[in-house]
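Chemist: could you work out the structure for the sequence below:
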Amino acid sequence: MRRPKSLWVALMLMLAPASVGAMPPADPLGSPMWTAHARTQFGDDPVRFDPRVIVSFPMVAENQRAFPVVIDARGITGVRRMILLADLNPIPVAIDYRPVHAAPYFATRIKLDQRTPVRGAVQLDSGEWLVSGGWVDAAGGGCSAPPVSRVKGDWADHLGEIRGEVWPMASGQNRVRLSFRHPMDTGLVENIATYHLEALSVTDADGRLLGDMDIWASVAEDPAITLMVDGGADAALRVAARDTNGRDYRAALTLARQSPMPGGR
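Modeler: Model prediction:
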């Protein structure tokens, strides 16, 4: 698994002078941060907006600490990378996913610090980026509020606990839902340093990498992540994760004994 850039490196990149190159396309959402994020995340790679990148979320954030988002690019061939981005968050990137032997799909929950565009960006094998998304109304404060487990004081008792479920699908892939106990500290709360899961990988029983991702502190406390990976009716999966303190987390998952699920969300 690749080690992601630190928050501070990401912020420095955002504040650095833009490199000379092709301008990103005009933003249909009118975000004041679009050009800066596009140059930081996509560089000089070609970018265009494409509704086939389906980004699903509620129009209003009822809970800005845990806002559900799905990025589904299964209608597009040749997807090698997927990014979840909230433009106006202080930590804009939430997940950077590489579906190696997996469908270009994931679901998770993120923090929202204010009303913001939430986007999905997928990179094709050609290097081109396809982007879609929309505005979300949010009361704010999701990135700067202390995690519930910090307030309760029981975070250390459950740190690193993993729950995982795997269901076979009619498509021949397996739907994997993972949940971790972790405070996912953003570093934006007084006297609480940045501390979050930073990397995750899923492999099959033979050690073949199915998908891996970089994770940022803008993912909600106690992360929940859903993937669709290649597999079969007798597949066993292994999950490995690491946090910013260098702590490793591992789990083995087996398939549920049930009829295959349909190939929907």
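Chemist: low-confidence ranges, this protein, go.
Modeler: 1-21, 150-153, 232-234, 257-265 (pLDDT under 70).
Chemist: most centrally placed residue in it?
Modeler: The residue lying closest to the centre of the chain (CA atoms, centre = their mean) is residue 95, at 2.7 Å.
Chemist: is it in a bridge, and if so with what?
Modeler: residue 84, residue 215 (DSSP bridges).
Chemist: residue 214 is in contact with that one, correct?
Modeler: Yes - counting by CB atoms under 8 Å, residue 95 touches residue 214, with 7.2 Å between them. Backbone N, C-alpha and C define where each C-beta goes, glycine included.
Chemist: that older thread, could you measure from the residue nearest to the centre of the chain over to residue 126?
Modeler: To residue 126, residue 95 is 22 Å away according to CB to CB, to the nearest Å.
Chemist: what of residue 139?
Modeler: From residue 139 to residue 126 the distance is 40 Å (CB to CB).
Chemist: what does residue 235 give?
Modeler: Applying CB to CB to residue 235 and residue 126 gives a distance of 31 Å.
Chemist: so the two - more neighbours on which side?
Modeler: residue 235 (19 against 10; other CB atoms under 10 Å).
Chemist: show me the contacts for that one.
Modeler: Taking CB atoms under 8 Å, 6 or more residues apart in numbering, we find residue 235 in contact with 166, 174, 204-205, 255.
Chemist: for the strand or helix carrying residue 106, packing partners?
Modeler: Element membership for residue 106 (DSSP states H and E) is strand 102-110. With contacts defined as 3 or more CB pairs under 8 Å, 6 or more residues apart in numbering; DSSP states H and E, the packing partners of strand 102-110 are strand 67-72, strand 79-86, strand 93-99, strand 209-215, strand 224-230.
Chemist: residue 72 reaches residue 57, doesn't it?
Modeler: No - if you go by CB under 8 Å, residue 72 and residue 57 don't touch, sitting 11.6 Å apart.
Chemist: next one: stretch 178-198 to chain centre, how far?
Modeler: 15 Å (CA atoms, centre = their mean, to the nearest Å).
Chemist: mind listing what's buried in stretch 23-38?
Modeler: 24, 27, 29, 31, 33-34, 36-38 (16 or more other CB atoms under 10 Å).
Chemist: same thing with stretch 123-137?
Modeler: 123-124, 129-133, 136.
Chemist: quick check, nearest of those residues to residue 82?
Modeler: The shortest approach to residue 82 among the buried residues of stretch 123-137 belongs to residue 123, at 7.7 Å (CB to CB).
Chemist: name the nearest residue to that closest one, sequence neighbours excluded.
Modeler: The shortest distance from residue 123 to any non-neighbouring residue, by CB to CB, 6 or more residues apart in numbering, is to residue 81 (4.1 Å).
Chemist: that older thread, quick one: the strand holding residue 106 to strand 93-99, angle?
Modeler: Angle between the axes of strand 102-110 and strand 93-99 is 160 degrees (criterion: axes from the mean of the first three to the mean of the last three CA atoms, to 10 degrees).
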